[in-house]
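J.: With the sequence up front, the predicted model follows.
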Amino acid sequence: MELYGLSTPIIQPGDNLVRIVLTAMDQQGLVPNTHDIFVIAETVVATSQNRIRELTKVTVTPHALELSEQYGLDASLAQLILDEADEILGGVPHVLLTIKDNTLMANAGIDRSNAPPGHVVLLPIQPTDEAWRIKTELENQTGHELGIIIADSRTQPLRLGTVGLAVAIAGIEPVKDFRGHPDLYGTPLRITRSAIADNLASAAQLLFGEANEQVPLVLIRGAPVTFTKKRIQPESMTIDRQDCLYMTIFKDYSDSIRI
């Protein structure tokens, strides 16, 4: 498996991401191949959709002001978290633990890094639709079957640092089910499933970086994945609360901060 980081100019609202991908490939002397996978940083997708918000223009409610005082947050950021999150479970100084689209994440995925001064970037709108749009346009222009992953970084419980997470995918099966397969000693596996799309997003994270690398695109070639023409919904990468190891041990959901 080969990975290529693709540098781009700073993305602006309204930019054509398909053109940017093809230009970045050309500048590095790369030609798209069948079953290439393009991993795109979610901030780039959100910025192209103009999901940028200026903090000084946010109207702050009393509830947001209360959260900002409790957790040491900028009041405007607290308001945007309230607006974007499906649920707020609690927090620590400067960070709220939220659920958005059935995924645990900090601050509803709102990103202050790689945003203009005084601004933040929200998560993309309808990222699955956007992944399919990019896939379709790239395939029409290149003549090759391709995969798309829109990726973000996330923290893991009790682990230092971030790993990659697939926000949306198109063209590949995101999870491989090993249940029923024998292990080294012939014992059938009972719960093991491999998060293929998340693992590829983590691999791409090594080239994305988290600072000023300006590499928001990664080409993955030769990945051991299954390509598909069917539309994969985000729910295929998540599990219900009652089946989640972390969610089931939270003491009391009633302690959540209702929005």
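T.: Nice, I can see it. Because the structure is a prediction, the values reported are computed rather than measured. Numbers count the residues shown, from 1 in each chain.
J.: Might you list the low-confidence residue ranges for the stretch 1-150 of the chain?
T.: Of all residues in the stretch 1-150 of the chain, none has pLDDT under 70.
J.: can you rerun that using 90?
T.: 89-91, 101-104, 112-116 (pLDDT under 90).
J.: And the stretch 151-259 of the chain, by the same measure?
T.: Within the stretch 151-259 of the chain, the stretches with pLDDT under 90 are 153-162, 175-195, 208-214, 232-259.
J.: same thing but 50
T.: Scanning the stretch 151-259 of the chain for pLDDT under 50 picks out the ranges 254.
J.: Which other helices and strands does the host helix or strand of residue 168 contact?
T.: In this structure, residue 168 sits in strand 162-170 according to DSSP states H and E. Counting contacts by 3 or more CB pairs under 8 Å, 6 or more residues apart in numbering; DSSP states H and E, strand 162-170 is packed against helix 127-142, strand 147-155, helix 196-208. Every C-beta, even on glycine, is put in place using the N, C-alpha and C of the backbone.
J.: Just the buried residues of that strand, please?
T.: Residues of strand 162-170 classed as buried: 164-170 (neighbour count, 16 or more other CB atoms under 10 Å).
J.: hang on, the earlier thing: switch the helices and strands packed on strand 162-170 over to TSV; also include mean neighbour count and distance to residue 240.
T.: Below are the helices and strands packed on strand 162-170 laid out as TSV (neighbours: other CB atoms under 10 Å; distance: least, CB to CB, whole Å):
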stretch	mean neighbour count	distance to residue 240
helix 127-142	18	19
strand 147-155	24	19
helix 196-208	21	18
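J.: residue boundaries of the helices in this structure?
T.: Assigned by DSSP state H, the helices in the chain fall at 17-27, 42-48, 62-71, 75-84, 127-142, 196-208, 245-248.
J.: Switch these over to CSV; also include distance to residue 54.
T.: Shown next, in CSV, are the helices of the chain (distance: least, CB to CB, whole Å):
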stretch, distance to residue 54
helix 17-27, 23
helix 42-48, 14
helix 62-71, 16
helix 75-84, 9
helix 127-142, 23
helix 196-208, 25
helix 245-248, 34
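J.: which stretch among those helices comes nearest residue 90?
T.: Checking these against residue 90 by CB to CB gives helix 62-71 as the closest, at 8.8 Å.
J.: Return the set of buried residues in the closest one.
T.: 64, 67-68, 71.
J.: ok now it, how far from the chain's centre?
T.: 27 Å (CA atoms, centre = their mean, to the nearest Å).
J.: Compare the helices of the chain and give me the one nearest residue 230.
T.: Ranking those by distance to residue 230, with CB to CB as the measure, places helix 127-142 first at 10.9 Å.
J.: Go ahead and confirm residue 81 touches residue 106.
T.: No: counting by CB atoms under 8 Å, residue 81 stays clear of residue 106, with 9.3 Å between them.
J.: Pull up the overlap in contacts between those two.
T.: Common contacts of residue 81 and residue 106 (CB atoms under 8 Å, 6 or more residues apart in numbering): 96, 98.
J.: coming back round to it: quick one: which of the buried residues of helix 62-71 is nearest to residue 132?
T.: For the buried residues of helix 62-71, the residue nearest residue 132 by CB to CB is residue 64; the value is 34.3 Å.
J.: So the closest one sits against residue 71, correct?
T.: No: between residue 64 and residue 71 there is no contact under CB under 8 Å: 10.9 Å.
J.: Report the set of residues contacting both of those two.
T.: With CB under 8 Å, 6+ apart, residue 64 and residue 71 have common neighbours residue 78.
J.: Turn the helices and strands packed on strand 162-170 into TSV, including distance to residue 236.
T.: Below are the helices and strands packed on strand 162-170 laid out as TSV (distance: least, CB to CB, whole Å):
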stretch	distance to residue 236
helix 127-142	10
strand 147-155	14
helix 196-208	9
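J.: re the thing from before, please identify which of residue 81 and residue 106 sits among more neighbours.
T.: Taking other CB atoms under 10 Å, residue 81 and residue 106 do not tie; residue 81 has more neighbours (27 against 18).
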